[in-house]
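Novice: Fold the following.
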Amino acid sequence: MLSRRCVSIASPLQNCSLADGSGIRHVADCLRAYFARRDCDTGTLLRYADGLGNGAVYKRLGFLAETLGAASELVEACSGHLTEGIVKLDPTAASPRLTKRWRLWLPEKWKLGMTKVD
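Specialist: Sure, this is the predicted structure:
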């Protein structure tokens with residue numbers, strides 16, 4: 001059985017504009033909190049992401065996991081599931097920057113290695 005936390009975290013990665021109206025920042029905050037938990041289970045998170053059948057989920061999850069310093073196994077697993085297309089990290093934001101590694105258009109404020117998601 002999948003963790004409700006994993007469902008709550010991965011589902012909004014399909015369309016971050018639906019994440020309680022606060023977009024990708026809310027999703028990033030939830031991921032940061034989840035990664036800090038003792039019961040964090042990235043394997044379950046990946047299984048749920050796989051079940052969604054949406055390549056954008058892996059792109060967003062991988063980018064956020066890498067940005068937030070999550071386990072390298074999670075980052076590499078997401079990298080291994082990338083699809084061909086390019087999507088926006090946040091569908092509601094102007095996104096002039098492209099990260100080829102994750103095939104994501106990024107808002108100006110977002111970049112790999114950020115220490116704070118604001």
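Novice: In the protein, what helix or strand scores lowest on average pLDDT?
Specialist: When each helix and strand of the chain is scored by mean pLDDT, DSSP states H and E, helix 4-10 comes last, with a mean of 76.
Novice: Tell me how far the residue nearest the centre of the chain lies from Val27.
Specialist: Closest residue to the average C-alpha location of the chain: Leu61 at 2.2 Å, with Cα atoms, centre = their mean. For Leu61, the distance to Val27 equals 9 Å [Cβ to Cβ, to the nearest Å]. (Glycine included, C-beta is placed from N, CA and C.)
Novice: So for these two, which residues contact both of them?
Specialist: Residues touching both Leu61 and Val27 (Cβ atoms under 8 Å, 6 or more residues apart in numbering) are Leu13.
Novice: mind checking which helix or strand Glu66 is in?
Specialist: helix 55-67 (DSSP states H and E).
Novice: cool, and Cys40?
Specialist: Going by DSSP H and E, Cys40 is not in any helix or strand.
Novice: Quick one, grab the pLDDT at the nearest residue in space to it that is not next to it in sequence.
Specialist: What sits nearest to Cys40 in space, not counting adjacent residues and going by Cβ to Cβ, 6 or more residues apart in numbering, is Tyr34, at 5.7 Å. pLDDT recorded at Tyr34 is 89.
Novice: Then Tyr58?
Specialist: Reading off the model, Tyr58 has pLDDT 96.
Novice: what do you get for Ser3?
Specialist: So, for Ser3, pLDDT stands at 63.
Novice: same check, this time on Cys40
Specialist: At Cys40, pLDDT is 88.
Novice: The closest residue to Pro107 other than its chain neighbours: neighbour count?
Specialist: Excluding the flanking residues, the one nearest Pro107 by Cβ to Cβ, 6+ apart is Ala93, at 4.3 Å. Using other Cβ atoms under 10 Å, Ala93 has 19 other residues around it.
Novice: Cool, thanks, signing off.
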